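# One predicted model, sequence on top.
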Amino acid sequence: MKRVLLTGAAGTLGQAMRKALAGWAEELVLSDRVPIETLHSGESFVACDLGDFDSVVELVRGCDGIIHLGGQSIEGTFDSIMNGNLKGTYHIYEAARQLGVKRIFFASSNHVVGFHSREARLDAKSPMRPDSLYGVSKGFGELMAQYYFDKFGVESALVRIGSCLPKPLDRRMLSTWLSEGDLADLIKKVYSVNRLGCTVIYGASNNPWSWWDNRHANFVGWHPKDSSAPFEEEVFEKDAPLADDHPALLFQGGFFATAGHFEDD
């Protein structure tokens with residue numbers, strides 16, 4: 001890779017991927033609304049509001065790949081989510097189309113399917129059942145990606161990220177945990193496979209309690225190396241189990257599925 005754009009670079013996930021992808025591309029173009037003042041070798045920074053299309057076009061210009069982590073990553077009101085997650089995602093794809101960028105890593109979310117029960121085993125063919133406005137916004141992004149592939153040939157990995165942290169913090173994350181190293185390896189695989197298409201990939205490590213099946217994405221060649229298993233005892237000691245009838249225990253989205261509607265606040 002020569003010049004790769006990383007949106008959302010000032011966020012927790014963006015910062016982790018800066019470190020994990022160091023040296024992978026000749027230039028990693030970092031972008032966020034929040035300034036990044038300390039740059040390392042092979043990095044540059046461009047401030048950008050994803051809701052400003054002209055700025056996004058200039059941001060994408062000259063890049064041969066996009067890792068799109070930008071946007072709001074938590075639940076909120078429709079207005080708070082719209083700029084980055086709806087307008088911003090459209091702007092990224094339209095700029096890619098206009099400038100000839102042919103492959104995008106789109107950070108979707110497990111909350112696109114958060115209202116499926118925890119007993120369900122999901123794959124790429126499972127219907128969307130978003131558990132939040134945030135989940136709806138990521139479903140919008142996946143549909144946008146499919147449209148741009150079908151009509152214009154822009155390929156995408158639609159990565160439904162679980163819980164990407166240094167380690168799982170609670171019992172739910174024993175199922176949803178994605179190590180930073182496994183995510184970085186997935187990004188590299190997405191850009192090395194000959195043909196990607198528009199492919200849903202569940203972003204979780206090799207966890208024994210997994211809810212998700214990536215058989216439709218086997219051709220990408222990604223085999224997570226890490227597992228939540230070594231953290232089970234630590235998690236069990238500090239995270240008390242929920243009551244069997246607790247609503248958050250019923251759905252894969254956990255507390256996202258049971259939280260109130262933010263427009264009512």
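Okay, I see it.
# Once you drop chain neighbours, what's closest to residue 84?
Excluding the flanking residues, the one nearest residue 84 by C-beta to C-beta, 6 or more residues apart in numbering is residue 71, at 3.6 Å. From N, CA and C alone the C-beta is placed, and that goes for glycine too.
# Now do the helix ranked longest in the chain: distance to the chain's middle.
Secondary structure of the chain per DSSP state H: the longest helix is helix 133-152. Computed by C-alpha atoms, centre = their mean, to the nearest Å, the separation of helix 133-152 from the middle of its chain amounts to 13 Å.
# Geometric centre of the protein: which residue is closest?
Centrality entry for the chain: nearest residue to the mean C-alpha point is residue 107, 2.3 Å, by C-alpha atoms, centre = their mean.
# ok, that one to residue 100 distance?
Distance from residue 107 to residue 100, counting by C-beta to C-beta, to the nearest Å: 22 Å.
# returning to what we had before: how confident was the prediction at the residue nearest to residue 84?
Confidence at residue 71, expressed as pLDDT, is 92.
# Please enumerate the helices of the stretch 101-250 of the chain.
Secondary structure of the stretch 101-250 of the chain by DSSP state H, counting those that start in this stretch: the helices cover 133-152, 173-176, 180-190, 232-238, 247-250.
# who does the longest one touch, helix- and strand-wise?
Under the contact definition 3 or more C-beta pairs under 8 Å, 6 or more residues apart in numbering; DSSP states H and E, helix 133-152 sits against helix 78-81, helix 88-99, strand 103-109, strand 155-161, strand 198-203.
# The worst-scoring helix or strand of the chain on mean pLDDT - contacts with which helices or strands?
Taking mean pLDDT, DSSP states H and E as the measure, the chain has helix 247-250 as its least confident helix or strand, at a mean of 84. Helix 247-250 is packed against helix 255-258, with contacts defined by 3+ C-beta pairs under 8 Å, 6+ apart.
# May I see the buried residues of the helix it packs on?
255, 256, 257 (16 or more other C-beta atoms under 10 Å).
# With stretch 228-243 instead?
228, 231, 232, 235, 242.
# now it, how far from the chain's geometric center?
Computed by C-alpha atoms, centre = their mean, the chain-centroid distance of stretch 228-243 equals 25 Å.
# how about the CA coordinates for that stretch, as PDB?
Output of stretch 228-243 as PDB, limited to C-alpha atoms (Å, rounded to 0.1, in the frame of the first residue of the first chain):
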ATOM      1  CA  SER A 228     -10.900 -14.300  25.100                       C
ATOM      2  CA  ALA A 229     -10.400 -17.600  26.900                       C
ATOM      3  CA  PRO A 230      -7.300 -16.500  28.900                       C
ATOM      4  CA  PHE A 231      -9.400 -13.700  30.400                       C
ATOM      5  CA  GLU A 232     -12.400 -15.800  31.500                       C
ATOM      6  CA  GLU A 233     -11.300 -16.200  35.200                       C
ATOM      7  CA  GLU A 234     -10.500 -12.500  35.500                       C
ATOM      8  CA  VAL A 235     -13.800 -11.400  34.000                       C
ATOM      9  CA  PHE A 236     -15.800 -13.900  36.100                       C
ATOM     10  CA  GLU A 237     -14.200 -12.600  39.300                       C
ATOM     11  CA  LYS A 238     -15.100  -8.900  38.700                       C
ATOM     12  CA  ASP A 239     -18.200  -9.000  36.600                       C
ATOM     13  CA  ALA A 240     -21.300 -10.400  38.400                       C
ATOM     14  CA  PRO A 241     -23.700 -12.400  36.200                       C
ATOM     15  CA  LEU A 242     -27.000 -10.800  35.200                       C
ATOM     16  CA  ALA A 243     -30.200 -12.300  36.400                       C
END
